[in-house]
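Peer 1: Quick one, what's the 3D model for this:
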Amino acid sequence: MDVIALHQAGFDSAVAALGTSFTPEQAKLISRYKNSVVLALDADAAGVRAAGRAIDLLNGAGIEVRVINIPNGKDPDEFIKEHGAERFRGLIEGAANDTEYRLAGAKAKYDVEQDDGRVLFLNEAAAILAAVDDPIERDVYAGRLAHEYSVNKETLLSRIKDTAKRQHSRQRKKEYSAIVQSGSKVDSVNPERHKFALAAKAEEGLIKLLMDNPNLYEFIKSEISPDDFVTSFNKRLFESIMDNLAGRSDFDILWLSADYSPVEMGRIVEIMGSGVNPADVKKECRHLAGIIREEKSRAAMGDPSAMTDQRWADEISRLREKKGGHNND
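Peer 2: A predicted model of the protein is given here:
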């Protein structure tokens, strides 16, 4: 009913996200037509959860997100019936960006008039800002919070930096676990996968992001070339996908079926279905491309056979820390 009401009121690009049923595939579909989205989900707890999930999925598809705060917890249908289309248009024009929305949601959970509530809110705000990649945006919001709550800005930025490191550490542990599990298997499709485990894992991650986000073709092309790849199968696959995407805005796995055996196609489907899109796809592409290039250099120097489990963990840690220390890149 909300979508019908919005179309009747002249907002003819409205679609139904269906709350928690919103999927990465739908986000990718939207990205083919729009580069920005305004969310108008319910204000109850379920709506807040759905909005948070939708923000992550839309950001992962490269879409700018803003969120409408409809007064008195009304839905779009009710608000338009009571106040008219122009008032709703005003809500759209005043919609908060995703960072503002998350901060407002965190603030609503605490009594910020009390010292303990203020501390709890600022700690959660630091976690929210730790996930913001743009250092200017992070600095602006840290300054606002510092002024509003009478805390030292540098102290708040330090907390944000520490929180970001902890978040990266958790991500490293997940990556390390995945690499250890994959490195113990004999691979008939990509025999080099075990010897060059870290490179192969990064290559597969980048290939998945490319298949999921064909709109990033030019960006990925500027970051890395097939010759940077370490394992032959992944190099061939990446090159095939890039060739097929040239001049296109979408990807179809069937394009590859004539050039790959059924077993190889099975691997390609496995790569395509692995994991989920990160919140910031471009940042993850740069991160993975960095790992691939570093491993290519190591392979050229003849030491990839020394890829022990501990070195996998050390490499992930070093590259994540290096990335965290160059947020202006």
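
Peer 1: Give me the nearest residue to residue 256, chain neighbours excluded.
Peer 2: residue 240 (5.8 Å; Cβ to Cβ, 6 or more residues apart in numbering). All C-beta spots, glycine's among them, are computed from the backbone N, C-alpha and C.

Peer 1: what's near enough to touch the one you found?
Peer 2: With contacts taken as Cβ atoms under 8 Å, 6 or more residues apart in numbering, residue 240 has the following neighbours: 256, 259-260.

Peer 1: doesn't it fall inside a helix?
Peer 2: Yes - with DSSP: H, G, I helix; E, B strand; the rest coil as the criterion, residue 240 is assigned to a helix.

Peer 1: How much space separates it from residue 296?
Peer 2: Look at residue 240 and residue 296: by Cβ to Cβ, to the nearest Å, they are 19 Å apart.

Peer 1: before we move on, what about residue 220?
Peer 2: Counting by Cβ to Cβ - residue 220 and residue 296 are separated by 16 Å.

Peer 1: More neighbours: which of those two?
Peer 2: Shown here are residue 220 and residue 296; by other Cβ atoms under 10 Å, residue 220 has more neighbours (25 against 18).

Peer 1: so how far is the helix or strand hosting that one from its chain's centroid?
Peer 2: For residue 220, the host element (DSSP states H and E) is helix 217-223. Offset of helix 217-223 from its chain centre (Cα atoms, centre = their mean, to the nearest Å): 17 Å.

Peer 1: what sits up against that helix?
Peer 2: For helix 217-223, contacts defined as Cβ under 8 Å, 6+ apart pick out 206, 209-210, 242, 245-246, 282, 285-286, 289.

Peer 1: Dump the contacts of residue 240 to CSV, plus neighbour count, distance to residue 30 and secondary structure.
Peer 2: Below are the contacts of residue 240 laid out as CSV (neighbours: other Cβ atoms under 10 Å; distance: Cβ to Cβ, whole Å; DSSP: H, G, I helix; E, B strand; the rest coil):
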residue, neighbour count, distance to residue 30, secondary structure
256, 17, 25, helix
259, 12, 31, coil
260, 18, 30, coil
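
Peer 1: out of those, which one sits closest to residue 117?
Peer 2: residue 256 (55.1 Å; Cβ to Cβ).

Peer 1: Stretch 60-80: which residues count as buried?
Peer 2: Within stretch 60-80, the residues scored as buried using 16 or more other Cβ atoms under 10 Å are 60-63, 65-68, 70, 75-77, 79-80.

Peer 1: Mind putting the residues you listed into CSV with secondary structure and pLDDT?
Peer 2: Below are those laid out as CSV (DSSP: H, G, I helix; E, B strand; the rest coil; pLDDT from 0 to 100):
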residue, secondary structure, pLDDT
60, helix, 80
61, coil, 82
62, coil, 83
63, coil, 87
65, strand, 90
66, strand, 91
67, strand, 90
68, coil, 88
70, coil, 83
75, coil, 84
76, helix, 88
77, helix, 89
79, helix, 90
80, helix, 92
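
Peer 1: Serialize these to a markdown table and add fields for distance to residue 143.
Peer 2: Below are those laid out as a markdown table (distance: Cβ to Cβ, whole Å):
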| residue | distance to residue 143 |
| --- | --- |
| 60 | 28 |
| 61 | 30 |
| 62 | 27 |
| 63 | 27 |
| 65 | 22 |
| 66 | 21 |
| 67 | 22 |
| 68 | 26 |
| 70 | 29 |
| 75 | 35 |
| 76 | 34 |
| 77 | 39 |
| 79 | 33 |
| 80 | 37 |
